[in-house]
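1. Got a sequence here, can you model it:
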Amino acid sequence: MKKALFLDRDGIINRELGDYVAHPDQFILNPGIAKAIKYANDNGCMVIVITNQGGIAKGLYTEDILEDIHEKMKTLLQNEGAKIDAIYYCPHHPDISGQCLCRKPRSLLIQKAIKHYNINPAESIMVGDRDRDLEASAGCGIKGILVRDNDTLNLLELLQTNGFL
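-> Numbering: from 1, shown residues only. From the prediction side, this is the model:
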């Protein structure tokens, strides 16, 4: 079984704007995140993004634009020697689409990743900036670390002090 670092996107990987990142030009990598991801990569750990993207349901951007945003994210990380193995996103919003099983705090996206990649939840960790991120990981038996929005500069040290890798 594999070990994984699960990451929320907005506020962890990229700058939380207080509203939706609806265009690649709005995507700004947070300081320190590439270093933490590279460390996970170098230590044989998968890195998987789990993100709610309710702006799709609201019509603020399309799945094609989201793909462009994610391509920019992957490119910026690759430029710093870091790699994302998979991205899982929920395109729903409860006010528009109703309730779904894939939107955090529910755990469906994490469960899919665990099954698809044969991940050991007990050896994995989730980093998020909202309680819903940790609720989703707890629903799968994965330890969660809560950090403030855009406060990833010392994420590598935080992972190490929490016994990850």
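2. Spit out the contact partners of the nearest residue to Pro94 once chain neighbours are set aside.
-> Once flanking residues are discounted, Pro94 sits nearest to Arg103: 7.0 Å by CB to CB, 6 or more residues apart in numbering. (C-beta placed from N, C-alpha, C; glycine too.) By CB atoms under 8 Å, 6 or more residues apart in numbering, Arg103 lies in contact with 52, 54, 90, 92-94.
3. Reformat those residues into TSV and put pLDDT next to each item.
-> Below are the contacts of Arg103 laid out as TSV (pLDDT from 0 to 100):
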residue	pLDDT
Asn52	97
Gly54	96
Cys90	98
His92	97
His93	95
Pro94	93
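4. Out of these, which sit inside strands?
-> Members of the contacts of Arg103 lying in strands (criterion: DSSP state E): 52, 90.
5. Val127: how many residues sit nearby?
-> Residues lying near Val127 (other CB atoms under 10 Å) number 26.
6. per-residue confidence at the residue nearest to Pro94?
-> If you check Arg103, the pLDDT there is 96.
7. Where is the longest helix in the protein?
-> For the chain, the helix with the greatest residue count under DSSP state H is helix 63-78.
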